[in-house]
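1. Give me coordinates for this.
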Amino acid sequence: MRGSLQDTMPASPAIRAAPVRLHVGRTCAAPDKDVAFRLRRVDGCRRSAATSTHNQGSSLPRLSITGRCFGFLNGKASCGYPGGMSDGRQPANRQGSLPGGLWRQARRLALETRRRPWDPAGMETRWTSGPQDGAFRVRVCHPAKTAERAIVLIHGVIVSGRYLTPLGAALSRDFAVAIPDLPGYGLSRAAVSGQTLPELADAAVASAALLGADRVSLVGNSFGAQIAIEAAVRHPETVERIALIGPTTDPRARSLSRQYLRWQRCGPHEHPYVLPVMARDLLDVGPLQATRLLGVMLRDSPEDRLPAVRQPALVIRGQHDHVAPADWARYVARLLPDGRMTEIPSQGHMPHWSDAAAVASALRAFLS
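-> Below is the predicted model of the structure:
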């Protein structure tokens, strides 16, 4: 391993970073620079004042972070998200109203059954055989035009592909997209042999066959990033690029207790509508299987395999992702021979759910 994690924490790391479009119409070309927040009480609600520290020195509007009165401090607009988004953004084309489409999607995802699976518009459920045994569910979305690239989105450790559907929909305009429920997750049955990291990596690559693609890019969130790394090393002839969203696991937090505490710190920056989806995913996995899979995640040392990844790689993290801290994400990017990093402002560990458009934009720039 090239140096220790503590040796890789300079103030301005030499990592190529793609610009990220902010919803307020400004572009931050240096994602390593922080956006500072200060909290104060206004009219009984917890508010935040957000000030950008990028080179232009511009200030973002003061926005709410939690509480019932969630909107701009001047009261002229409301973000419409119960509990408030961490940066108070307006949902696209729904200014001042509830994002009912996302809530309906979350509710339907949480209530689907194996007999009656539910897919967002433009997606369809297919079943494919894994490399070990059993069939698993894959959501597939083909763009209206012929896509030159195919993408597989890989979910985290105790969730299924359900929470990746907003990102899949955002990417489907330009790419063929597959979102598997890997064996043992969601509507997919567990493989008889159990789920090891290599087996999950093989299943993720196998799902690309439904797209009719010989080469595929992998996008993994959290534990899904570890699966993507494993797949890239095991299948270099098939995997052409990888993107790691909030990659785990930081070696300083390889225990259930530390992971739990980091997750709790991410809570205020996650969209609340993901909660029923995650609850359903945990119900599908079950506590015993979830414990075993968490063990698979925590025993893995992805930093040992990162130098063997020869494909171009992008590390994406939410600005307030405490599961994948900034110094760990930078370290991951450094260990990748062809790695780079970008940051999504004002997001937590699941920016693909709460700000799918920004993540899709970063991925589109990387994959195109």
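2. For the rest of this, base every contact and every neighbour count on C-alpha atoms.
-> Will do.
3. Are we agreed that His352 is in a helix?
-> Yes - counting by DSSP: H, G, I helix; E, B strand; the rest coil, His352 is part of a helix.
4. Just give the number of residues close to it.
-> Each residue near His352 was counted by other Cα atoms under 10 Å, and the total is 24.
5. just the one 4 residues further on next, same as before
-> The local packing of Ala356 (other Cα under 10 Å) involves 20 other residues.
6. Skip the chain neighbours and tell me the closest residue to it.
-> Using Cα to Cα, 6 or more residues apart in numbering and skipping residues adjacent in sequence, the residue nearest Ala356 is Leu167, 4.9 Å away.
7. Where does the one you found fall, secondary structure wise?
-> helix 165-171 (DSSP states H and E).
8. what's the following helix or strand after that helix?
-> Next along from helix 165-171, by DSSP H and E: strand 176-180.
9. which helices and strands sit right next to that next one?
-> For strand 176-180, the elements it packs on are strand 135-141, strand 150-154, helix 165-171, judged by 3 or more Cα pairs under 8 Å, 6 or more residues apart in numbering; DSSP states H and E.
10. which of the ones you listed sits most buried?
-> Greatest average neighbour count among those goes to strand 150-154 (a mean of 27), per mean count of other Cα atoms under 10 Å.
11. neighbouring strands for that strand, and are they parallel or not?
-> strand 176-180 (parallel), strand 216-221 (parallel) (DSSP bridges).
12. got a list of contacts for the shortest one?
-> Applying Cα atoms under 8 Å, 6 or more residues apart in numbering, the external contacts of strand 176-180 come out as 136-143, 147, 149-155, 160-161, 164-165, 168, 171, 204, 207-208, 210-211.
13. so where's this protein shaky on pLDDT?
-> Within the chain, the stretches with pLDDT under 70 are 1-100, 131-134, 144-147, 192-194.
14. ok, 90 please
-> Scanning the chain for pLDDT under 90 picks out 1-102, 121, 129-135, 142-149, 173, 189-195, 212-214, 368.
15. re the thing from before, would CSV of the helices and strands packed on strand 176-180 with distance to Val277 be doable?
-> Shown next, in CSV, are the helices and strands packed on strand 176-180 (distance: least, Cα to Cα, whole Å):
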stretch, distance to Val277
strand 135-141, 16
strand 150-154, 16
helix 165-171, 11
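16. Trp328 is nearest to which of those?
-> Trp328 lies closest to strand 150-154 among the helices and strands packed on strand 176-180, at 20.3 Å (Cα to Cα).
17. And the helices in the stretch 151-300 of the chain, which stretches?
-> Under the criterion DSSP state H, counting those that start in this stretch, the stretch 151-300 of the chain contains helices at 165-171, 197-206, 223-234, 256-266, 275-285, 287-299.
18. picking up where we left off before, among the strands paired with strand 150-154, which is the most enclosed?
-> strand 176-180 (a mean of 30).
19. among the helices and strands packed on strand 176-180, which is nearest Gln311?
-> The nearest among the helices and strands packed on strand 176-180, by Cα to Cα, is strand 150-154 at 14.4 Å.
20. who touches that closest one?
-> Contacts for strand 150-154 (Cα under 8 Å, 6+ apart): 161, 164, 168, 175-180, 204-205, 207-208, 211, 213, 215-221, 224-225, 227-228.
21. how big is the angle separating it from helix 197-206?
-> 140 degrees (axes from the mean of the first three to the mean of the last three Cα atoms, to 10 degrees).
22. Okay, angle between strand 150-154 and helix 223-234 too, please.
-> 130 degrees.
23. and strand 150-154 with strand 135-141, angle?
-> 130 degrees.
24. Could you say which one of the helices and strands packed on strand 176-180 comes nearest to Gly339?
-> Closest to Gly339 of the helices and strands packed on strand 176-180 is strand 150-154 (Cα to Cα; 18.3 Å).
25. Only C-alpha atoms, please: export the closest one in CSV.
-> The C-alpha coordinates for strand 150-154 follow below in CSV (Å, rounded to 0.1, in the frame of the first residue of the first chain):
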residue,chain,number,x,y,z
ALA,A,150,-24.0,0.4,-20.7
ILE,A,151,-24.0,0.9,-16.9
VAL,A,152,-24.7,-1.4,-14.0
LEU,A,153,-25.7,0.4,-10.7
ILE,A,154,-24.6,-1.7,-7.6
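26. just use 54 as the starting number from now, easier for me
-> OK, 54 is where the count begins now, so the last one is strand 203-207.
27. Any buried residues in stretch 154-168, and which?
-> By 16 or more other Cα atoms under 10 Å, the buried positions in stretch 154-168 come out as Leu155, Gln158, Ala159, Arg160, Arg161, Leu162, Ala163.
28. try stretch 379-394
-> So for stretch 379-394, counting by 16+ other Cα under 10 Å, buried means 379-389, 392-394.
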